[in-house]
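>>> Starting from these lines, generate the structure:
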Amino acid sequence: MITNTELEYKGNMFPGKIVSFSQDVDKINFHTENGVILQITVLRGSVLRFRYATDNNFENDFSYAISETGARGYSKLEVNEEKKVYKLITSRIIVTIDKENLKTAIYDLEGNVICKDDWGFHWEQSYELGGNIVKMSKVGPQGECYYGMGDKPTHLNLKGKRFENWATDQYAFGKDQDPLYKSVPFYVGMQEERAYGIFFDNTFKSFFDFCHERRNVTSFWAHGGEMNYYFFYGPNMQDVVTRYTDLTGKPELPPLWALGYHQCKWSYYPEKKVKEIASKFRELQIPCDAIYLDIDYMEGFRCFTWSKEYFPDPKRMVAELAEDGFKTIVIIDPGIKIDEDYWVYKEAMENDYFCKRADGPYMRGKVWPGECFFPDFTNPDVRDWWKDLFKELIDEIGVKGVWNDMNEPAVMEVPGKTFPNDVRHDYDGNPCSHRKAHNIYGTQMARATYEGVKKYSYPKRPFIITRSAYSGAQRYTSSWTGDNVATWEHLWIANIQAQRMSMSGMSFTGSDIGGFAEHPSGELYARWIQLGVFHPFCRTHSSGDHGNQEPWTFGEDVVDVTRKFVGLRYQLLPYLYTMFWEYAERGVPMLKSLVLYDQLDLQTHYRTDEFIFGNQILVCPIQEPNSKGRRMYIPRGSWYNYWTNEYVEGGMEKWVDADLDTMPLFVKEGSIIPKYPLQQYVGEKKIEQLKLDAYFILGKKEVSKVYEDAQDGYNYMKGRYSLRTFSFTGKENEIILQQHKAGTFVTEYDTIEIKLIGLPFTVTEIEIDNVVVDLKTLQFNSESNTFLVPKDFHEIHIVG
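Residues are numbered from 1 along each chain as shown. Okay, here's the model as predicted:
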C-alpha cells in the first residue's frame, strides 16, 4: 500500500566522485559514483566539447547548429591521472578534471587560468515537464568582460546582465528588452588579454547570467536537454569568433547585387506603385539593386500566390524591373491559410506536413491570412516539399530572393505569441515538443527556403533573409534585426546589434534603415543611411502605417546625403565583397567592434559606437540630433580622415567635425582600398578599371586584399576567382607596392589606377617589375598622385 505519493523535491543535484575513466581516440569519458558522465571531445587543439549525462545515459547526439565541414584534428592529446585530478593536455590548453566533484578548469600552457568551474555542472529534475533543468556555473573573475549573444539590444559589454534565449516576435522592441527574435547561445569572455568562447548548444529555452546574480559567477542553464557546450580558446578574440563560426558553419558567397542597396516597405502595391518607386530611384540617381514585396502581393495573404488585382502579370513586371536593374524579393511566412481550395494547404494536408498538438489536432493559429496551420520544418520530408514550392516564384516568374518573416514562429492573439509547448515536431527523427524545437523553427524554415531558392536559381546564387535564427543559420541566410523604431535610441541599438551579430558568427545582418515603427525625421533618416551603408546588409524598410520612407520624402538635402553615401557603398563594393570572401572563407567577422579589433587596448572594452568595417576602415556614426560633429575614440595606430586625408594618431579620443552631409570615417595607414566606378546597380557597367586608394605608411608594411569573381554563380568554387594580395611598404623617399595574384578568373579590366594619399615626397620615378617607366606613359598626375599600371604587375617602386 502506497501511503506517500508526493514526489521528493531534490533541488540542485551535483556529480559525485569519479569512479572510472576511459578514452576512445578523441573522446574521454569520466563516470561518477552517482551516474553522471562527462564526455570531453577534442575537436581541435583549441576547441573542446563538454557533454554531461545523468543516469548514465546520453541523448541521441544530434545538432542543427554544427556544420559538417568545420575544421577537425589536433596534433597532441595526452590524458594523465594525478593524485587529485585528471589532466588533459593539447597543443594549446590544459584541462583538469577534479576527481572529487567533476569540476573542470582550463589553463593555457603557461598555467594561467582561462576558465574555471564555480559550482560547475549541476541539475534539477523537472517532474512537471520531464527531463532535467541543466545548469553550469563558472568563476567570473574581477575584470572579465563578456560579448556576443546575437541580437541583444543592450550595451556591447554584457557584464552584470542576464539574458533569455527564446525567439520572440517583439514589435517596436526597446533598449535592453529581452528576448528578441534570435537565439544565439554563444559568448566571448575576456580577461587579462586572453579571450575564450563558450557555445551552449541547447535549443530549449536557455538563460545566461554574466555576474548579475552573483558578482563573480557566470552561469548558463536550460529548461531541458543536455548540458552540452563547446569551448574555444584564442587567446585572440577574433580567433575565438572565427573558430566558433567554423564550427557552426560559414556561408556561401552571395551574389554581388545582394550587397547593394535594397528598398522595402509594408507594402508596395499595386504594380504601378512598385514601378513608380523603381523609376524614382533611377531618376534621382540613387543606386538600388532590389525592391521588396511584402504580404500584400499575395492573394489574401496566401503564400506562393499573387494578387490578381494588384499584380495581374507578375512575370512581366519582374522582367521589366530586371531590365532596369531591379531584383524582386518577395516575403514568405510560415502560416498556411486553412482553405480547402488553396493548393499549398491541400498538398500539406494530403501528406500530413503540418505541426500537431500533443493529442493529435493540428496546431491552429491566427496570423495575417486568418486561421492557419504551420509546416513542421524540422521534418526533412516537409523541407523537401517546401523547397519545391519555389519553382513558380523563382524559375518561372523570375523572383531573385525570398524574405522569411514571422518565423519565430509568431502567432497572434495567444499568450506567449507563439506555439504552445505541447506542439510536436519531428526534429529530424528525434521527436520532441515545441519546448525543444521553438528556437530552431525559424532557422529550419530559412534552410528549406534556401534549398528551394538555390535549386531553382541555379546556376546563380540564392539570396535569403530571415527574422528568426539560431546558431548556424548563417549557412543559409542573411538576417535583419526586426521591427525597430524610428528613434535616435534605435539608431544606437542598430549599431550595437550589427556589431554583436558579426561577433556572433552572423555577419550578413542589417537593420531596418530609418526604423520600421513610427516615422523618422529627415535628419534621423540621413544619419541612419550613413550607418546602414556600412552594415553588410543594407535595406530601408518601414511600416506603411506611419508614412512614406523613401529618401525623396525627406527633401533634397536628404536625397543628396543618401545619394552620396549609397554611392560610396557602391564604389566600395570590391572592398565589401572581399570582406564577405574573408567571412565565407575563414569566418572572419565583417564588422569588428573595437574590442575585437584591439583587445589589448583597455579603452576598447566598453566602446560601443566605433567599429571597423572590414579590416581597414574605421566608422563612427552620428547618433544624436543637431550634431555638427562628435567626440570618438581613434584606435591605436595611425589613420587618415577619409574626407580630408588628415593624418591622425590613434589611442585617444578626438573631436571630429561631421555636419549632416558627412560622418566620421577613417582609413588605416598603409591600406589599399579598392573601388569600382559608380553604378546605379550591380552589372550596369562593365568594370573597365579597378581603382586603388593607397594610404602612405612609414617604416612598416600593411597587407590588403582584393577578391573578385564573376559576381554570381559557383565557378569561384572551382578556382575561377581573382585574389590580389597587395603589400605596401613606405620609406622616407620610396614606396614599394607588391602584388601576389591567385585564382584563374580573368577580370574585364586590364589596368589599375593607383592613387597615392599622404605622400611625403614628390614622385620623380616609377619602376614596374624592374623597368623604369616614363611618368607620361603611366598618365601620372602630380596634383592627385594618380597613375595607371598593368593589372598583373608584381612589384612597383615609387621614388621621390
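>>> Phi, psi for Gln599 please.
Dihedral pair for Gln599: phi -70, psi -20, per degrees, to the nearest 10.
>>> For Lys87, see how far away it is.
Remark: distance between Gln599 and Lys87 (CB to CB, to the nearest Å) = 28 Å. From N, CA and C alone the C-beta is placed, and that goes for glycine too.
>>> Kindly report the same for Trp480.
46 Å.
>>> Could you do His535 as well?
The gap separating His535 from Lys87 is 45 Å, by CB to CB.
>>> which one of these two has more residues nearby?
Set His535 next to Lys87 and count neighbours by other CB atoms under 10 Å: His535 wins out with 29 against 14.
>>> For the nearest residue in space to the more buried one that is not next to it in sequence, which phi and psi angles does the backbone take?
Taking CB to CB, 6 or more residues apart in numbering, and ignoring the residues beside it in sequence, His535 has Gly510 as its nearest neighbour in space, at 4.1 Å. Dihedral pair for Gly510: phi -150, psi 180, per degrees, to the nearest 10.
>>> what helices or strands is the helix or strand hosting Met136 leaning on?
Met136 is part of strand 132-139 when elements are defined by DSSP states H and E. Judged by 3 or more CB pairs under 8 Å, 6 or more residues apart in numbering; DSSP states H and E, strand 132-139 is in contact with strand 113-125, strand 217-222, strand 227-233.
>>> Count the neighbours of Lys718 for me.
For Lys718, the neighbour count with other CB under 10 Å is 9.
>>> how close does it get to Thr90?
For Lys718, the distance to Thr90 (CB to CB) stands at 35 Å.
>>> go on, Ile796?
Going from Ile796 to Thr90 by CB to CB gives 44 Å.
>>> quick one: contacts for the spatially most central residue of the chain?
Nearest residue to the geometric centre of the chain (CA atoms, centre = their mean): Met506, 1.7 Å. Shown in contact with Met506 (CB atoms under 8 Å, 6 or more residues apart in numbering): Gly150, Lys182, Val184, Ala469, Ala473, Gln474, Ser479.
>>> is it possible to export those to JSON lines including secondary structure and distance to Gly225?
Shown next, in JSON lines, are these (DSSP: H, G, I helix; E, B strand; the rest coil; distance: CB to CB, whole Å):
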{"residue": "Gly150", "secondary structure": "coil", "distance to Gly225": "19"}
{"residue": "Lys182", "secondary structure": "strand", "distance to Gly225": "19"}
{"residue": "Val184", "secondary structure": "coil", "distance to Gly225": "16"}
{"residue": "Ala469", "secondary structure": "strand", "distance to Gly225": "19"}
{"residue": "Ala473", "secondary structure": "helix", "distance to Gly225": "19"}
{"residue": "Gln474", "secondary structure": "helix", "distance to Gly225": "22"}
{"residue": "Ser479", "secondary structure": "strand", "distance to Gly225": "24"}
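>>> just the buried members of these?
Neighbour-count burial (16 or more other CB atoms under 10 Å) applied to these gives Gly150, Lys182, Val184, Ala469, Ala473, Gln474, Ser479.
>>> With respect to Asp294, which of those is nearest?
Distances from Asp294 to those, taken as CB to CB, are shortest for Ser479 (17.0 Å).
>>> And stretch 263-278, how far out from the chain middle?
How far stretch 263-278 lies from its chain's middle: 28 Å, per CA atoms, centre = their mean, to the nearest Å.
>>> try stretch 183-197
The answer for stretch 183-197 is 17 Å, by CA atoms, centre = their mean.
>>> again, but for stretch 498-516
Chain-centre distance of stretch 498-516: 7 Å, with CA atoms, centre = their mean.
>>> that older thread, just curious, which of the buried ones among the contacts of Met506 is nearest to Lys391?
Nearest member of these to Lys391, counting by CB to CB, is Ala473, at 23.9 Å.
>>> list the contacts for that closest one?
Gly442, Thr443, Ala446, Arg447, Thr466, Ser479, Met506.
>>> partners of the fifth one in the sheet?
Looking back up the chat, that one is Thr466. Taking DSSP bridges as the rule, Thr466 bridges to Asn404, Ser479.
>>> Pretty sure it sits against Thr443.
Yes. With contact defined as CB atoms under 8 Å, Thr466 reaches Thr443; the gap is 7.4 Å.
>>> With neighbour numbers in mind, choose between these two.
Thr443 (30 against 26).
>>> okay, Leu129: pLDDT?
Note on Leu129: pLDDT of 87.
>>> Hmm, it is touching Cys432, no?
No. Using CB under 8 Å as the test, Leu129 is too far from Cys432 to be in contact (11.8 Å).
>>> Look at these two and report which has more neighbours.
Set Leu129 next to Cys432 and count neighbours by other CB under 10 Å: Cys432 wins out with 17 against 13.
>>> who's in contact with that one?
Counted by CB under 8 Å, 6+ apart, Cys432 has contacts Arg424, His425.
>>> Just grab the bridge partners of it for me.
His425.
>>> residues in contact with Pro235?
Per CB under 8 Å, 6+ apart, neighbours of Pro235: Asp108, Glu193, Arg194, Ala195, Tyr196.
>>> Tell me which of those fall in helices.
Among the contacts of Pro235, no member falls in helices (DSSP state H).
>>> Quick one: buried ones out of those?
For the contacts of Pro235, buried by 16+ other CB under 10 Å: Asp108, Arg194, Ala195, Tyr196.
>>> what about the second one, distance to Phe220?
When distance is defined by CB to CB, Arg194 is 20 Å away from Phe220.
>>> Quick one: mean pLDDT for the strand holding Met136?
The model assigns strand 132-139 a mean pLDDT of 98.
>>> ok, now stretch 15-33?
Per-residue pLDDT values over stretch 15-33 give a mean of 97.
>>> quick one: contacts of that stretch?
34, 36-43, 52, 56, 74, 77, 79, 81, 86, 88, 97, 99-102, 120-122.
>>> That one: end-to-end distance?
Terminal residues of stretch 15-33 are spaced 8 Å apart (CA to CA, to the nearest Å).
>>> same thing with stretch 361-377?
Stretch 361-377 has an end-to-end distance of 18 Å (criterion: CA to CA).
>>> Now that stretch: buried residues?
Of the residues in stretch 361-377, Tyr362, Met363, Gly365, Val367, Trp368, Pro369, Cys372, Phe373, Phe374, Pro375, Asp376, Phe377 count as buried by neighbour count, 16+ other CB under 10 Å.
>>> Now distance to Arg162 too, for those residues, in CSV please.
Shown next, in CSV, are the buried residues of stretch 361-377 (distance: CB to CB, whole Å):
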residue, distance to Arg162
Tyr362, 36
Met363, 31
Gly365, 30
Val367, 31
Trp368, 34
Pro369, 37
Cys372, 34
Phe373, 36
Phe374, 31
Pro375, 34
Asp376, 32
Phe377, 30
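>>> what comes into contact with stretch 493-501?
Under CB under 8 Å, 6+ apart, the answer for stretch 493-501 is 147-156, 175, 479, 481, 484, 507, 509-511, 528, 531-532, 535-536, 591-593, 608-609, 611, 621, 623.
>>> model confidence over that stretch, on average?
For stretch 493-501, mean pLDDT is 98.
>>> in its sheet, what does the helix or strand that contains Phe50 sit against?
For Phe50, the host element (DSSP H and E) is strand 47-53. On the basis of DSSP bridges, the sheet neighbours of strand 47-53 come out as strand 37-44 (antiparallel), strand 227-233 (antiparallel).
>>> I'd like to know which elements the next helix or strand after it is packed against.
Next helix or strand after strand 47-53 toward the C-terminus (DSSP H and E): strand 77-81. Applying 3+ CB pairs under 8 Å, 6+ apart, one finds that strand 77-81 contacts strand 18-24, strand 85-90.
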